[in-house]
Structure formats: structure tokens, C-alpha cells
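Chemist: Provided below are the primary sequence and the corresponding predicted coordinates.
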Amino acid sequence: MRDPPPKFPSDPELYGDPENWKYPLDTPRRAKLARRFFSMERSRRRYSEEERAYIDSRIDSALERFGIDSEEYGGSVKDSERVPDVVFHDDVDVDALTLDDLLLHFVGKKRMESSRDIPHERIEVEKVTGEYIVARVKEYLVKIDIESRVFAHDCGDWIAWMSKKLMCKHVARLLGTIDPQVAVGILRDLYTNKGEWTFSSKPREIFA
Ligand SMILES: [Zn+2]
């Protein structure tokens, strides 16, 4: 076994992958980073399924010790692929899909459940028009440019899954709070024109 990298802990117990001194877990910040990086496909594919489960459980228990909700930093993904909980038939009538149907598809059952724990007073809707939505959910920002089809948000879970255009609990909570007609309109368009939508992790950089 090699030496630990300089300025990192010398106790292998403080790593997600002790064998390779990877994913240090000695501080809350490092544990969050470990969760975020280890939720990425390119990090996970270097390991076997068994190794992934081992590293996931080490990272998640470190986060738990620090009192951090692992889901906000990419979540504990027990297999390397997150797929929608609900998949519709090819010939589905999109206009007949309800807000709940669409949220189950984009957000999934587990995240829908945890979204309900976000207290109403932690949602600050600054603007909802037919063109724009600007809101804060907890410490995160959500901006949606409906006309240009840009969806931007900045939590770790969003960043981990935005390439698949799957959503996090903050976005679920927001879409369940605003005018349901606006929310369902966005999700139906997203479902129909998925390729036309851009998911971004930099809400501060799109419209002011
Ligand atoms: Zn989020």
C-alpha cells in the first residue's frame, strides 16, 4: 500500500476507498465532495459492483456522522445507473399525463417522498410567468427559461443527474408548489422535446 497523499489523513479508516487513499472523509467538506464525485458514472465504473457498494456505504456513514443528507450531494446510488421509476409507452398521450405522472418519471418515488420534508417556508418563489421561473428552495437557486428551454439549478443531486435530465427533490418541491398548469406545461414539453432542453448547473449565469 502506498503512502497517503500529503496533507490528507494517514488513517486508512478515514477514506471511502482506503486501499487507494481515495475519497477522504475526515471533514464534512471532503465527505460531501466524495459523495459528489463518487456519484459520477466515470468514477463508479472503475470499481466492481461489490466495491461500489462498499465505498457508497463508507461515504454515506461518514455523511451521516456529520449530520449531512447524502441525497443533496448526489445520493447513495446502489447501482451505477439511475433510471426513471415510471416509463411511459411510446404512444402515450402526453397531454393526458398529470403532474404526478410526470414528476414520478423525472424525479422518482424516493425523491418525491423526501421532497415533502422540505418545509413550505424554505421555498421562495420570486417569479412565475409563462416565460420564466425564478425560485429558491432551501439554499439553492432554480431558474427556468421556458421559452429558450433552459432549466438551471445547483444542488449536488441535480449536478449528478442533469446529463440524464432527471431531477432532484428541490425541483420536485418547487414544481409541486407553483401553478400546476405552468408546472405540467413545462414537464409535458420537457417530455416531448427532451433533446431541445438544456439542463444547467449555473442558474446564476442565465437571465438576471
Ligand atoms: Zn436540488
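Modeler: Received the coordinates, thanks.

Chemist: low-confidence ranges in this structure?
Modeler: Flagging of the chain using pLDDT under 70 yields the residue ranges 1, 74-81, 208.

Chemist: What's the separation between the most centrally placed residue in it and the ion?
Modeler: Residue closest to the average C-alpha location in the chain (C-alpha atoms, centre = their mean): residue 157, at 2.0 Å. Using C-beta to the ion, to the nearest Å, we find residue 157 at a distance of 5 Å from the ion. The C-beta positions use only the backbone N, C-alpha and C, and glycine is treated the same way.

Chemist: Does that residue belong to a helix, a strand or coil?
Modeler: Classification of residue 157 using DSSP: H, G, I helix; E, B strand; the rest coil returns helix.

Chemist: for the one 3 residues further on, same thing?
Modeler: Secondary structure of residue 160, reduced to three states by three-state DSSP: helix.

Chemist: Just confirm it contacts residue 40, I think it does.
Modeler: Yes - Residue 160 is within contact range of residue 40, at 6.5 Å (criterion: C-beta atoms under 8 Å).

Chemist: between those two, who's got more neighbours?
Modeler: residue 160 (24 against 15; other C-beta atoms under 10 Å).

Chemist: Mind listing what's buried along the lengthiest helix in the chain?
Modeler: Across the chain, the longest stretch assigned as helix under DSSP state H is helix 49-65. Residues of helix 49-65 classed as buried: 52, 54, 55, 56, 58, 59, 60, 62, 63 (neighbour count, 16 or more other C-beta atoms under 10 Å).

Chemist: wait, doesn't the last one sit right on residue 57?
Modeler: Translated: residue 63. No - at 10.8 Å, residue 63 and residue 57 do not qualify as touching, with contact defined as C-beta under 8 Å.

Chemist: which secondary structure elements does the helix or strand hosting residue 173 contact?
Modeler: Residue 173 belongs to helix 169-175 when assigned by DSSP states H and E. Contacts defined by 3 or more C-beta pairs under 8 Å, 6 or more residues apart in numbering; DSSP states H and E place helix 169-175 against helix 99-106, helix 109-115, strand 123-128, strand 132-137, strand 140-145, helix 156-161, helix 180-192.
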